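**Q** here's a sequence, model it:
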Amino acid sequence: MRATVPRESLADLALPPDRDALAILDRQARHRIPFLVPERERRMAANSFAFLRGAAAVMAADFATVPRTGLLVQAAGDSHIMNFGSFISPEGRILFDINDFDETMAGVEFHVDVRRMVASLAVAASDAGFGKKHQRKTAAAAARAYRERMRELAKLSPYQVWQQRVDLSLELDRIEDKRLRHHIASALRRLPADQMVDDDIPHLDSASSGTRFQDRDGTIFHGHNPETQALVSEAAAAFAHYPSVLPPERRHLLARYAHVDTAIKVVGVGSVGTLCAIALYLSPDGDMLVLQLKEAQSSVNIDLVADPALLTTGDEEGKRVVEGQHALQAATDVFLNWIPVGSHPAADKRRFYVRHLKTQRLSSLADFIASDIHEADALIAYGELCARTLARAHARTGDPISIAAYLGSSTVFDDSLAAFATDYVAINAADWARLNARILRNTTEDRSGRSGSHGSAVLF
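**A** Below you'll find the predicted structure:
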């Protein structure tokens, strides 16, 4: 395979001359809720890393001509470094894993995920003010960590691979950066006290005696006009139907809680514009449970699937997300499920899946990196942790022996991916600049009384 697809070729990316990143985003926006599209663009315009987060469709299109090794996996699909995180498993273990699967697809080249991960590291390093040398070093370290972890996993049986977990208490010895190691160790020592409510978690409105979500800054709302009220009603109908698609034992568990409120929750960057909602459930003695409903659209990676037979049938996008998460994630929550098409009118217009939205979580390592990204060594250490996690996920659904053999023991793969990542920094920066220029142009036109196609918009 190395003779057919040299590892050095992974450094290259052939972009078509008529490539237009904004046109790709605009085509995707046609399937989004119109009044939320400007909010998505505003979030993407914040910095070049935010643009990369929201531009999964652009990178997927750029990968249309990547080398085909035939080494296929269940791709996470959107493996930038902010889509990894720490959480407590149902067994009480503190795990680190991939936490976003909206773009997951089976039958995709293994290096597609690795490329997005190392590119996100290089872009993050660039945003932090580090030069090309350090961008390359950061990306190469992650590629090396992926390669070395895959070679370790290749020595295990398939069952042993499946049982692997990225347990943070066991990862401490691997992390060289003292600040990141101290951050993780402190979180472990404070458990369970460190399972703290964070700013992204919905709060309850005191005026409602704790039976209604508190509206917040256009990110959580119940509907203030016919359009938003219709979205809340659509989400509430889906939540009402959801218990019927659960296995009996989990249906019984949910039945011990009463559904008391539904609200729209605008999440992330790439997901903005899809219908995302939260539901509040209360037990008779006031225990709170929050479920999240997410719209599942077609994966941006659909054209990267090697075998058409692996494509989702029956337009079951929610099923694709849920099955992909079960395949890749070491421990999934008990409420994760999709609403089948045709089972209820709520699933006929949009495709949905539901999951548990934890009201408490460990302090996010990704948030720690985002706030202290000027620490070069911390970013490298975090990238290596993400890379080892990605290798574990790929080894569950691909052939770790074949992938490890292709990667080899030299640094050829590391150097090639690092070269790709540093080149992509410039590509991504140019796309981000074009988005900002368009927003500025349309905002100026709006202020002068002319309407632009993507001008500023008020959420309500």
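**Q** show me the contacts for Ile24.
**A** By Cβ atoms under 8 Å, 6 or more residues apart in numbering, the contact list for Ile24 reads 55, 57-58, 61. Using the backbone N, CA and C atoms, a C-beta is placed for each residue, glycine as well.
**Q** what's the separation between it and Ser186?
**A** To Ser186, Ile24 is 42 Å away according to Cβ to Cβ, to the nearest Å.
**Q** I'd guessed Asp113 sits against Ser79; true?
**A** Yes. With contact defined as Cβ atoms under 8 Å, Asp113 counts as touching Ser79 (4.4 Å).
**Q** got any residues that touch both of those two?
**A** What both Asp113 and Ser79 touch, as defined by Cβ under 8 Å, 6+ apart, is the set Leu390.
**Q** please tell me how far the spatially closest residue to Ala419 that is not a sequence neighbour sits from Thr422.
**A** Closest residue to Ala419 apart from its sequence neighbours, by Cβ to Cβ, 6 or more residues apart in numbering: Ala11 at 4.0 Å. Ala11 sits 10 Å away from Thr422 when distances are taken as Cβ to Cβ.
**Q** so between the two, which is more surrounded?
**A** Using other Cβ atoms under 10 Å as the criterion, Ala11 and Thr422 rank with Thr422 on top: 26 against 18.
**Q** phi first, then psi, for the more buried one.
**A** phi -70, psi -30 (degrees, to the nearest 10).
**Q** on the three-state scheme, the spatially most central residue of the chain is what?
**A** The centroid of the chain falls nearest to Asp100 when counting by Cα atoms, centre = their mean (3.3 Å). What DSSP: H, G, I helix; E, B strand; the rest coil gives for Asp100 is coil.
**Q** what of Ala141?
**A** Using three-state DSSP, the structure places Ala141 in helix.
**Q** residues in contact with it?
**A** Taking Cβ under 8 Å, 6+ apart, one finds 380, 383-384, 414 in contact with Ala141.
**Q** let me see the domain layout of the chain.
**A** Split into domains by automatic domain parsing, the chain comes to 7-196+363-447, 206-356.
**Q** dump these to CSV, plus mean pLDDT and distance to Met1.
**A** Compiled in CSV, the domains of the chain are given as follows (pLDDT from 0 to 100; distance: least, Cβ to Cβ, whole Å):
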stretch, mean pLDDT, distance to Met1
domain 7-196+363-447, 89, 5
domain 206-356, 87, 14
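**Q** so of the ones you listed, which one's packed in deepest?
**A** For the domains of the chain, average neighbour numbers computed from mean count of other Cβ atoms under 10 Å are highest in domain 7-196+363-447, which has a mean of 19.
**Q** next one: that one to chain centre, how far?
**A** In terms of Cα atoms, centre = their mean, to the nearest Å, the centre of domain 7-196+363-447 is set 9 Å apart from its chain centre.
**Q** ends of that domain, what's the gap?
**A** 52 Å (Cα to Cα, to the nearest Å).
**Q** phi, psi for the residue nearest to the centre of the chain please.
**A** Taking degrees, to the nearest 10, you get phi -140, psi 130 for the backbone angles of Asp100.
**Q** give me every residue that touches it.
**A** Counting by Cβ under 8 Å, 6+ apart, Asp100 makes contact with 76, 78, 83, 268.
**Q** restricted to strands, list those residues.
**A** Under the assignment DSSP state E, the contacts of Asp100 contribute nothing to strands.
**Q** which one of these is nearest to Lys178?
**A** Set against Lys178, the nearest of the contacts of Asp100 by Cβ to Cβ is Asn83 (25.7 Å).
**Q** quick check: chain neighbours aside, which residue is closest to that closest one?
**A** In space, and not counting its chain neighbours, Asn83 is closest to Asp100: 4.0 Å by Cβ to Cβ, 6+ apart.
**Q** what ranges do the strands span in this protein?
**A** Ranges of strands in the chain, per DSSP E, are 72-75, 84-88, 94-98, 105-109, 220-221, 258-265, 276-282, 288-295, 337-339, 352-356.
**Q** got CSV for those strands, with distance to Val5 too?
**A** Formatted as CSV, the strands of the chain follow (distance: least, Cβ to Cβ, whole Å):
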stretch, distance to Val5
strand 72-75, 13
strand 84-88, 27
strand 94-98, 26
strand 105-109, 10
strand 220-221, 47
strand 258-265, 43
strand 276-282, 39
strand 288-295, 36
strand 337-339, 35
strand 352-356, 35
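**Q** Val321: what's it in contact with?
**A** Contacts of Val321 (Cβ under 8 Å, 6+ apart): 101-102, 104, 294, 296, 338, 353.
**Q** same thing but at 6 Å, please
**A** 101, 296, 353 (Cβ atoms under 6 Å, 6 or more residues apart in numbering).
**Q** reformat the residues you listed into TSV and put distance to Leu289 next to each item.
**A** Formatted as TSV, the contacts of Val321 follow (distance: Cβ to Cβ, whole Å):
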residue	distance to Leu289
Phe101	22
Ala296	22
Tyr353	17
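**Q** nearest residue to Asn99 other than its sequence neighbours?
**A** In space, Asn99 is closest to Gly85, 4.5 Å off (Cβ to Cβ, 6+ apart).
**Q** hmm, I typed the wrong one, I wanted Asp377.
**A** Using Cβ to Cβ, 6+ apart, the nearest residue to Asp377 is Asp177, at 4.3 Å.
**Q** the one you found contacts Ile380, doesn't it?
**A** No. Contact criterion Cβ atoms under 6 Å: Asp177 and Ile380 do not qualify, at 7.0 Å.
**Q** circling back: can you lay out the contacts of Ala141 as CSV showing distance to Gly129?
**A** Formatted as CSV, those follow (distance: Cβ to Cβ, whole Å):
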residue, distance to Gly129
Ile380, 15
Gly383, 17
Glu384, 21
Asp414, 24
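**Q** please flag which of the contacts of Ile24 sit within helices.
**A** 57-58, 61 (DSSP state H).
**Q** from those residues, which single one is nearest Leu280?
**A** Ala57 (32.5 Å).
**Q** where's Glu171 relative to His80, distance?
**A** Applying Cβ to Cβ to Glu171 and His80 gives a distance of 20 Å.
**Q** can you check Arg40 too?
**A** 16 Å.
**Q** what do you get for Asp399?
**A** 25 Å.
**Q** could you do Ala141 as well?
**A** Where His80 is concerned, Ala141 sits at a distance of 16 Å (Cβ to Cβ).
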